[in-house]
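S.K.: quick one: sequence and predicted model below, then my questions.
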Amino acid sequence: MSELVIQTRDLNKKYGDRYAVRHLNLEIARGEIYGFLGPNGAGKTTTIRMLLGLIRPTMGSIQIFGKDLRKEKMNILRKVGSLVEYPSNYGHLTAVQNLETVRRILDVPKSRIDEVLDIVSLTKDAKRPVKGYSLGMKQRLGIATALLGNPELLILDEPTNGLDPEGIHEIRELIRSMPKQHGITVLVSSHLLSEVEQMAGTVGIIRQGEMVFQDTISNLQQQASAGFRLVVSEPQEALQLVRGQGYIGQMENGGLKLGQISDPEVALLVKRLVDNNHAIYRVEENRRTLEDIFMQVIEQGGFQ
Amino acid sequence: MLLRALSADFLKIRRRGIWFLVFLGSLGLVAMQALNFGLRYDYLVGKVYKGDEWAGLIRETFSFVPIALVLGATLIASQIANVEHLNNSWKQLLALPISRVTVFTSKYLVGVIALTAACLLLFAGTIGLGLALGFGAEHIPYLKILKLSFLPYLGALPMLALQLYLSLTFKNQALPIMIGITFAILTMFAPNYPEILPLAWPFLAYYAKPAMPVASGIILFIFIYLLGTGHFVRKDVD
């Protein structure tokens, strides 16, 4: 699992005086879904365009599958499928014809077209001109196009942008199935954490061109804990007891508010209270939502 | 690889009006002459070109070949490029395992093939019209009609190269089309231009000594193509 599919070192892209991407070190391991997060204009699309060789980095290196993108671009792109922002299908052609234009370049068997159409559930509408498709269908066709060449790495830029909840759900399920069913590593970008947290194992958060957080989603979730709340029968006495154990706590809305403590400590504390004949009604973890943490990271450029 | 790119490009330009333009341009010229000779048959065949009707037909047709070529090159180049511009598909295309040189070359080849097809149609159409006008099948001047159909085209190659370069570079097609139409109109005054001016070459390639305008036409085409390739390979794709 530790083999890196994408690794960038000190990647920079400068437009005039402004850095669109700065000192970016992206690390994506094989078989994972990597959520690439950041507000609009943070440099996600610029980074993705550099990964696909569409624009040249001002400085820094990109390694994909352990190869240098500058030297082995064709070999790398052969194993990469991509969807960059809004869909870019040929509106006057049908889904099958759209896939055929790409198939002729990739030189994969014709049967692959039916396979990818089936994966994204577009078989029924495959013979219709794409300009009559809904945005969700276009986006699915985009993913089908990305899958056509049997890629080992899928790079999806804002694949759920502008979709309705059902469309978002469909795309999310599709992405989630990629590593399991097809062994594909996925890089998916979004400006919404809620969209990515349900599928990604690792997230990178970018802000004003710089990476401010890159770790597993569970580590991000751990940051979310903001203490506990106990609701007991005699809060005043309980508070004395808790303070006597060396914890910091205070009364709040008839309950006890405690700081961040570990699971064994919680267990021990509860046991003490029970031993002292306190009735415990509730033990609650005060969680900040991931969205709150995300906003904090975005606004302050890191954790406090 | 180039053949694969080319076959993909031919699939993309389906129903984009390129083949329609090819037919319209070439057979339009023939239709114009059908009208010209149809309306003034007695005057043209009976008086002006008496005894050498085929040469007359070629001469009358030729006056509109340079403008049709430049106009055709402009519109076809724009349509070829617009397939990618309108669908925002450059990024998808260039993220595929295909070199940019191949992508660019394929677009140029589509343009060359489309205009070649138009010239072939002009060749066949002119012969057909001559026969329909009763000019006699026994002395059809095949070589002259071939020259009429293809020498101006060779002289117009730099225009095709320029229009492809502009259309592929600028997303907004207003500029390339405006330039192309201006050039097309300017070819009408070609007899007054110095030989060195590329705008005069479609005209000179058929009229005067063809060697210079044809050779320069081909060389300048290749030069503009290489320049465009160099630019296309380097540019950032949004």
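M.R.: Cool, got the structure.
S.K.: what sits against residue 60?
M.R.: As the question left the chain open, I've gone with chain A. A:G60 makes contacts with A:T8, A:R9, A:D10, A:L11, A:N12, A:L24, as judged by Cβ atoms under 8 Å, 6 or more residues apart in numbering or on different chains. For every residue, glycine as well, the C-beta is placed using N, CA and C.
S.K.: wrong one, I was asking about chain B
M.R.: Residues near B:E60 by Cβ under 8 Å, 6+ apart: B:Q33, B:N36, B:F37, B:L44.
S.K.: so A:Y34 sits in a strand?
M.R.: Yes. Counting by DSSP: H, G, I helix; E, B strand; the rest coil, A:Y34 is found in a strand.
S.K.: A:E291 - that's part of a helix, no?
M.R.: Yes. With three-state DSSP as the criterion, A:E291 is part of a helix.
S.K.: where does the closest residue to it other than its chain neighbours land on pLDDT?
M.R.: When the adjacent residues along the chain are set aside, A:E291 lies closest to A:L193, with 5.7 Å between them (Cβ to Cβ, 6 or more residues apart in numbering or on different chains). pLDDT recorded at A:L193 is 84.
S.K.: hang on, isn't A:L193 packed against A:D292?
M.R.: No. Here A:L193 does not reach A:D292: they are 9.7 Å apart, not a contact under Cβ atoms under 8 Å.
S.K.: mind checking which of the two has more residues around it?
M.R.: Using other Cβ atoms under 10 Å in any protein chain shown as the criterion, A:L193 and A:D292 rank with A:L193 on top: 24 against 14.
S.K.: where does the chain have low pLDDT?
M.R.: Picked chain A for this. A:1-2, A:224-225, A:301-304 (pLDDT under 70).
S.K.: actually chain B
M.R.: Within chain B, no range satisfies pLDDT under 70.
S.K.: so what's the spatially most central residue of it up against?
M.R.: Nearest to the mean C-alpha position of chain B, counting by Cα atoms, centre = their mean, stands B:L69 at 3.8 Å. Listed by Cβ under 8 Å, 6+ apart, the contact set of B:L69 reads B:L115, B:P152, B:Y153, B:A156, B:M159, B:T187, B:P202.
S.K.: at 7 Å instead, please
M.R.: B:P152, B:Y153, B:A156, B:P202 (Cβ atoms under 7 Å, 6 or more residues apart in numbering or on different chains).
S.K.: on that earlier part again, need the contacts of A:G60 in JSON lines with neighbour count, secondary structure and distance to B:F20, can you?
M.R.: JSON lines is the format used below for those (neighbours: other Cβ atoms under 10 Å in any protein chain shown; DSSP: H, G, I helix; E, B strand; the rest coil; distance: Cβ to Cβ, whole Å):
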{"residue": "A:T8", "neighbour count": "24", "secondary structure": "strand", "distance to B:F20": "47"}
{"residue": "A:R9", "neighbour count": "14", "secondary structure": "strand", "distance to B:F20": "52"}
{"residue": "A:D10", "neighbour count": "12", "secondary structure": "strand", "distance to B:F20": "52"}
{"residue": "A:L11", "neighbour count": "25", "secondary structure": "strand", "distance to B:F20": "47"}
{"residue": "A:N12", "neighbour count": "17", "secondary structure": "strand", "distance to B:F20": "48"}
{"residue": "A:L24", "neighbour count": "25", "secondary structure": "strand", "distance to B:F20": "48"}
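S.K.: looking at those residues, which one is closest to B:I219?
M.R.: A:N12 (41.4 Å; Cβ to Cβ).
S.K.: shouldn't that closest one be in contact with A:I55?
M.R.: No. Contact criterion Cβ atoms under 7 Å: A:N12 and A:I55 do not qualify, at 11.9 Å.
S.K.: now do the residue nearest to A:E291 against chain B, distance only.
M.R.: A:L193 is 26 Å from chain B, where distance means Cβ to the nearest Cβ, to the nearest Å.
S.K.: skipping adjacent residues, who's closest to B:L96 in space?
M.R.: Per Cβ to Cβ, 6+ apart, closest to B:L96 is A:I105, 5.3 Å.
S.K.: thinking again about what came up before, of the contacts of B:E60, closest to chain A?
M.R.: Nearest to chain A among these, counting by Cβ to the nearest Cβ, is B:Q33 at 33.5 Å.
S.K.: show the contacting residues for that closest one.
M.R.: Listed by Cβ under 7 Å, 6+ apart, the contact set of B:Q33 reads B:L57, B:E60, B:T61, B:L129.
S.K.: state whether it is indeed within a strand.
M.R.: No. Counting by three-state DSSP, B:Q33 falls outside a strand, being helix.
S.K.: which of the contacts of B:E60 fall within helices?
M.R.: B:Q33, B:N36, B:F37 (DSSP state H).
S.K.: tell me how many other residues surround the last one.
M.R.: In this case it means B:F37. Neighbour count for B:F37, taken as other Cβ under 10 Å: 22.
S.K.: who's in contact with it?
M.R.: Per Cβ under 7 Å, 6+ apart, neighbours of B:F37: B:L44, B:V45, B:L133.
S.K.: quick one: buried residues of stretch A:266-280?
M.R.: Residues A:L269, A:V270, A:L273, A:H278 are the ones in stretch A:266-280 that count as buried (16 or more other Cβ atoms under 10 Å in any protein chain shown).
S.K.: residues from the stretch 51-200 of chain A in reach of chain B?
M.R.: A:52, A:54-56, A:74, A:77-78, A:82, A:84, A:86, A:88-92, A:97, A:100-102, A:104-107, A:145 (Cβ under 7 Å from any Cβ of the partner chain).
S.K.: and the helices in the stretch 1-150 of chain A?
M.R.: A:44-51, A:73-77, A:95-106, A:111-119, A:135-147 (DSSP state H, counting those that start in this stretch).
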